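Q: Here is the input, now give the coordinates:
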Amino acid sequence: MTSPARRERFEDVAAQVVEPVRRFLARRTDHATADDVLADTLLVCWRRVDEVPDEPLPWVYGVARNCLANAERGARRQQRVAGRIAAVDPPPPSAPGPGEDGPDVQAVTDALDALPAKDAELLRLWAWEQLAPAEIAVVLDITANAASIRLHRAREKLREELRKNGVGAGHEETTEGRKP
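A: Predicted structure coming up:
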């Protein structure tokens with residue numbers, strides 16, 4: 001691909017994916033990290049623009065997941081270094097701020113946190129990114145059938161986790177107050 005054609009292809013892909021990927025990252029990490037990872041993701045897209053499929057979003061989500069994993073590994077390394085430094089010179093204690101989430105949002109967040117990381121990510125791709133199982137398969141580099149089966153199982157695990165916490169899934173009907 002010639003340089004003007006590469007640039008045109010990249011600009012077309014970037015225009016399609018920037019906002020969805022920004023939202024994808026914003027739901028998974030803080031704002032500053034999301035911006036950094038978005039930049040890294042677009043850099044990979046530029047370098048590999050010849051490999052980007054005609055439907056780029058699921059492929060770019062996969063790239064963004066890998067870039068986010070790299071950023072999280074870097075953050076964990078920084079935390080370990082900060083922990084070593086804090087052991088030598090501990091910072092003063094500070095009180096945590098109040099949570100901003102309502103009880104329903106917190107219940108779902110807690111239930112997702114209780115699930116295995118792979119199941120939680122699968123549910124986030126399905127619910128937050130509104131991807132179909134075939135698109136999730138591209139993001140996770142698995143078959144569409146495996147994505148569909150894993151999604152079904154993850155939804156069941158989430159439903160069970162919500163029941164454990166005394167919260168029903170939003171679509172479940174109650175029979176309280178009904179007469180036959």
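Q: Sketch out the low-pLDDT regions of this protein for me.
A: 1, 89-103, 168-180 (pLDDT under 70).
Q: Skipping its backbone neighbours, what lies nearest the spatially most central residue of the chain in space?
A: The residue lying closest to the centre of the chain (CA atoms, centre = their mean) is R28, at 4.8 Å. Of all residues not flanking R28 in the chain, L68 sits nearest, at 6.3 Å (CB to CB, 6 or more residues apart in numbering). Where C-beta positions appear, they are placed from N, C-alpha and C, glycine not excepted.
Q: Tell me which other helices or strands the one helix or strand that neighbour maps to touches.
A: Following DSSP states H and E, one finds L68 within helix 56-88. Here helix 56-88 touches helix 3-26, helix 31-47, helix 133-140, going by 3 or more CB pairs under 8 Å, 6 or more residues apart in numbering; DSSP states H and E.
Q: at 10 Å what do you get?
A: Under the contact criterion of 3 or more CB pairs under 10 Å, 6 or more residues apart in numbering; DSSP states H and E, helix 56-88 touches helix 3-26, helix 31-47, helix 117-127, helix 133-140.
Q: circling back: for the residue nearest to R28, give me its contacts.
A: L68 is in contact with F24, L25, R28, T29, T33, A34, D36, V37, L38, D40, T41, counting by CB atoms under 10 Å, 6 or more residues apart in numbering.
Q: can you tell me how far the third one sits from V44?
A: Meaning R28. For R28, the distance to V44 (CB to CB, to the nearest Å) stands at 17 Å.
Q: Quick one: classify the residue nearest to the centre of the chain as helix, strand or coil.
A: What DSSP: H, G, I helix; E, B strand; the rest coil gives for R28 is coil.
Q: How about the contacts made by it?
A: A34, V37, A64, R65, L68, E72, E121, R124, W128 are the contacts of R28 under CB under 10 Å, 6+ apart.
Q: The first one against A26, yeah?
A: Yes: counting by CB atoms under 10 Å, A26 is a contact partner of A34 at 5.0 Å.
Q: Please say which of those two ends up with more neighbours.
A: With neighbours defined as other CB atoms under 10 Å, A34 and A26 compare such that A34 has more, 21 against 15.
Q: Give the closest residue to the more buried one in space, chain neighbours not counted.
A: Nearest to A34 is L25, by CB to CB, 6+ apart, at 3.8 Å.
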